[in-house]
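J.: Mind folding the following:
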Amino acid sequence: MEDLLTLEHLTSLVLLIMLQAVLGLDNLLYISIASKQAPEKDQARVRTIGIAWAIVLRIGLLFLLIQLIQWFQNPWFVIADNAYFSGSFNFHSIIVLIGGVFIMYTALKEIWHMMYFDPALEKSSGGTKSVTQVILLIIIMNLVFSFDSILGAMALTDEFWVMATAIVVGGLLMIWLSGRVTAFLKKNRLYEVLGLFILFIVGIMLLSEGGHLAHIYVFGNPITPMTKTTFYFVITVLIVRQHHPWIFDQNILKTNKTPKAGDVGIIFAYKSNKVIGLGLMDPKSPIAIKMLHFDGGAEVNEAFFLDLFKKAIEKRVPLIDKTNAMRLVFGENDGLPGLIVDQYDAVMVVKIYSLMWLPYMALIREVLLSLCAPKSIVLRANRHVSRALKLEEEDQVVLIYGSLPNPEIEFHEYGVRFLAHVLKGHKTGFFLDHRNNRHRVGQLSHGKRVLDVFAYAGGFGVHALANGAKQVTSIDISAQALSLAEKNAALNEFTGKHETLCGDAFDLLQQQIKKGIQYDVVVIDPPSFANSADGVDLALNKYETLTRLGTQLVAKKGWLILASCSSRVDMDQFLQAHKKGFTAVKTQDFNLIEKTGHDIDHAVGFEHGHYLKTAITDENSPMLSTGFL
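T.: The predicted structure is shown next:
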């Protein structure tokens, strides 16, 4: 036993597990995409069974390669030298070449499928292949991907048990990761398209490797294998070329110096040295560069920011007649990643989500004074920035211009008045993104009984009262929030009754159901339940539960409005959770009337920017058309 567990063997085992992890990334991508071809309910099982069988067969392949390594490496056939093409093909090179062609075919087929097939039809069909067929595909491609890792393992050690253990551990890691990679790709179609392009590049990489193994010469030039480093660099270039605002630290090949937060990083193209764009460095974040400009260089100065702010503010012009509170700058979506600027009447609140913005605060202040002439400018930092600066309070607040005798600022939207506490309120003082949805609830509420769940400052309920609701019940776990809701209601004229219930929303809804209480309009707008990818399943369960509870509280011909601000949950997943909730209470009487997203001051400029979803359903009415507002 001591001979087995030597330091050399343990070191080799750790290195081999790391090798399995690095070489397994492209394999995971293929597994995630291939599993989509199975019926949706079987996809997780298909991935697990396919990888498990592949582990067993990989160990068998390892044993076979050790016994027959010379036979695998000897040429099977040779294409004689000529001016155009030549090569010496062994078993290894043939398998890698076939694998590369098959992966490229799979990627192109899926891209074509996405372009020409209706996603709804695809979902209803539940996959294009049987479970057995997809498992076989996964096993076969696992074996194709195995050659590199097995040959690399044989170069590091000659102990069979070390190599076999690394294969088993690597396979178990793949089973654990496969569901997470699949869930990530499902978040929206951009991830899926990008994943397919990356898979296509994996195919090219395998073709280049197979060509190198076969000593192929084309027009007298040898085929050079694409290294993993080049592969990851190509992926990064693809992302930047799509004008994605984030570059992660592991995708940066080199920098000319150690960057500080706020340094301007210039992104150069490989070989041509052409400037792709520039961004601000954020070395303490996994997103090491936040892009500010694409397709060439630019000088980051007051004129640069003035131009970006002007373009952002022009998009908000249609809101001027509706409100005097709006988001003027929405981070990445306005080309200013990690920076938020909200207006509450004559007060501006700047909130930074990255240390990189601190060196530019003076410039931003001058730009805001030039364009908006505010009376006050408040700077707020999120908790991560506050902790990095070792500030005493999370969400630290600094007044960077003017005076602020009263931090509660009154504003209006669609004629309804509210207060925003710009120093201590959530976000920058109020949830401005739901403005249009609050207005919609107000339109539905005249003469109705309304339930506002997770009410916070009473946004939906106050709109309902101001629009003639007979009764509004506001539920929140925070007594302070409900006090603010009552304060906001008092700013407006109304004749209906306003009741507040403080406590856990799930418990209070159960109590209301037991009492047989029902409402004409039920609004459920919870906080984000999924703060990480691991929280998505729990979030979906909670949305399903809230749907089930809310459904039982809606009166005949009433309305159920359900919202989510979880960016990691997409609209399809959100609606699927509703469907499960309706099924749980054995009702199919609710029709989806509207699906809404962000108001125009929260317009999304890139796919990661989507987070707010609202579904408006009614009970027992004719089916109407659906669409995004």
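J.: The closest residue to residue 352 other than its chain neighbours: neighbour count?
T.: Nearest residue to residue 352, sequence neighbours excluded (C-beta to C-beta, 6 or more residues apart in numbering): residue 381, at 5.4 Å. Where C-beta positions appear, they are placed from N, C-alpha and C, glycine not excepted. Counted with other C-beta atoms under 10 Å, residues neighbouring residue 381 total 25.
J.: now residue 381: how far from residue 358?
T.: 9 Å (C-beta to C-beta, to the nearest Å).
J.: likewise residue 263?
T.: 12 Å.
J.: cool, and residue 556?
T.: 56 Å.
J.: More neighbours: the two, which one.
T.: The residue with more neighbours, out of residue 556 and residue 358, is residue 358; 15 against 9, by other C-beta under 10 Å.
J.: So that one belongs to a strand, correct?
T.: No. Residue 358: not assigned to a strand; according to DSSP: H, G, I helix; E, B strand; the rest coil it is helix.
J.: Spatially nearest residue to it, not counting backbone neighbours?
T.: For residue 358, the spatially nearest residue (C-beta to C-beta, 6+ apart) is residue 262, at 6.4 Å.
J.: these two touch, right, that neighbour and residue 284?
T.: No. At 11.3 Å, residue 262 and residue 284 do not qualify as touching, with contact defined as C-beta atoms under 8 Å.
J.: that older thread, the residue nearest to residue 358 - how many residues pack around it?
T.: Residue 262, neighbours per other C-beta under 10 Å, totals 17.
J.: so it, which of the three states?
T.: Applying three-state DSSP: residue 262 is coil.
J.: From residue 343, how far off is it?
T.: 25 Å.
J.: How about residue 40?
T.: 44 Å.
J.: Could you do residue 433 as well?
T.: Taken as C-beta to C-beta, the span from residue 433 to residue 343 is 14 Å.
J.: just residue 525 next, same as before
T.: 23 Å.
J.: Extract the C-alpha set from the top strand by length along the chain and format it as CSV.
T.: Longest strand in the chain, counting residues (DSSP state E): strand 554-564. What follows is strand 554-564 as a C-alpha-only set of coordinates in CSV (Å, rounded to 0.1, in the frame of the first residue of the first chain):
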residue,chain,number,x,y,z
VAL,A,554,-57.8,35.3,-7.0
ALA,A,555,-61.6,35.8,-7.3
LYS,A,556,-63.6,34.8,-10.3
LYS,A,557,-62.6,36.8,-13.4
GLY,A,558,-59.7,38.3,-11.3
TRP,A,559,-56.1,39.0,-12.3
LEU,A,560,-52.9,37.4,-11.1
ILE,A,561,-49.7,39.4,-11.7
LEU,A,562,-46.4,37.6,-11.0
ALA,A,563,-43.0,39.2,-11.3
SER,A,564,-39.4,38.1,-11.0
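J.: Walk me through which strands that strand pairs with, and which way each runs.
T.: strand 519-524 (parallel), strand 613-619 (antiparallel) (DSSP bridges).
J.: Go through those strands and find the least confident stretch.
T.: Ranked by mean pLDDT, those end with strand 613-619 in last place, scoring a mean of 58.
J.: need the next SSE after the longest strand of the chain, C-terminal direction.
T.: Tracing the chain C-terminally past strand 554-564 and defining elements by DSSP states H and E, one meets helix 571-584 next.
J.: Next, residue 217: phi, psi?
T.: Per-residue torsions, residue 217: phi -120, psi 130 (degrees, to the nearest 10).
J.: Check residue 414 too.
T.: Dihedral angles (degrees, to the nearest 10) for residue 414: phi 50, psi 40.
J.: Could you check the pLDDT of the nearest residue to it once chain neighbours are set aside?
T.: Counting by C-beta to C-beta, 6+ apart, residue 439 is the residue found nearest to residue 414 once chain neighbours are left out, at 4.7 Å. Residue 439 carries a pLDDT score of 92 in this model.
J.: Which of the helices or strands spans residue 439?
T.: helix 435-444.
J.: Can you tell me what sits against that helix?
T.: 322-323, 413-414, 416, 450, 459-460, 463-464, 466-467, 521, 523, 559, 561, 563, 594, 596, 599, 601, 614, 616, 629 (C-beta atoms under 8 Å, 6 or more residues apart in numbering).
J.: how about 7 Å then?
T.: 323, 413-414, 459-460, 463-464, 466-467, 521, 523, 559, 561, 563, 596, 599, 614, 629 (C-beta atoms under 7 Å, 6 or more residues apart in numbering).
J.: what about the helices in the stretch 451-600 of the chain?
T.: According to DSSP state H, counting those that start in this stretch, the stretch 451-600 of the chain carries its helices in the segments 459-466, 479-490, 505-514, 536-553, 571-584.
J.: that older thread, residue 433 and residue 343: which has the busier surroundings?
T.: residue 343 (26 against 18).
J.: Spit out the contact partners of that one.
T.: 325, 326, 328.
J.: same thing with residue 451?
T.: 473, 519, 522, 523, 553.
J.: Now with 8 Å, please.
T.: Applying C-beta under 8 Å, 6+ apart, the residues near residue 451 are 472, 473, 475, 512, 519, 521, 522, 523, 553.
J.: Highest neighbour count among those residues?
T.: Among the contacts of residue 451, residue 523 has the most neighbours (other C-beta under 10 Å), with 32 neighbours.
J.: my read: that residue touches residue 448, true?
T.: No. If you go by C-beta under 8 Å, residue 523 and residue 448 don't touch, sitting 11.4 Å apart.
J.: To what extent is residue 87 buried, counted in neighbours?
T.: Neighbour number of residue 87 under other C-beta under 10 Å is 22.
J.: swap that for residue 329, sorry
T.: 24.
J.: my read is it is in a strand, agree?
T.: Yes. Per three-state DSSP, residue 329 lies within a strand segment.
J.: separation between it and residue 364?
T.: 9 Å.
J.: can you list residues touching both of those two?
T.: With C-beta under 8 Å, 6+ apart as the test, residue 329 and residue 364 both reach 339, 341.
J.: if we can go back for a sec, for the contacts of residue 343, pick the one with the most neighbours.
T.: That'd be residue 325 among these, by other C-beta under 10 Å, with 24 neighbours.
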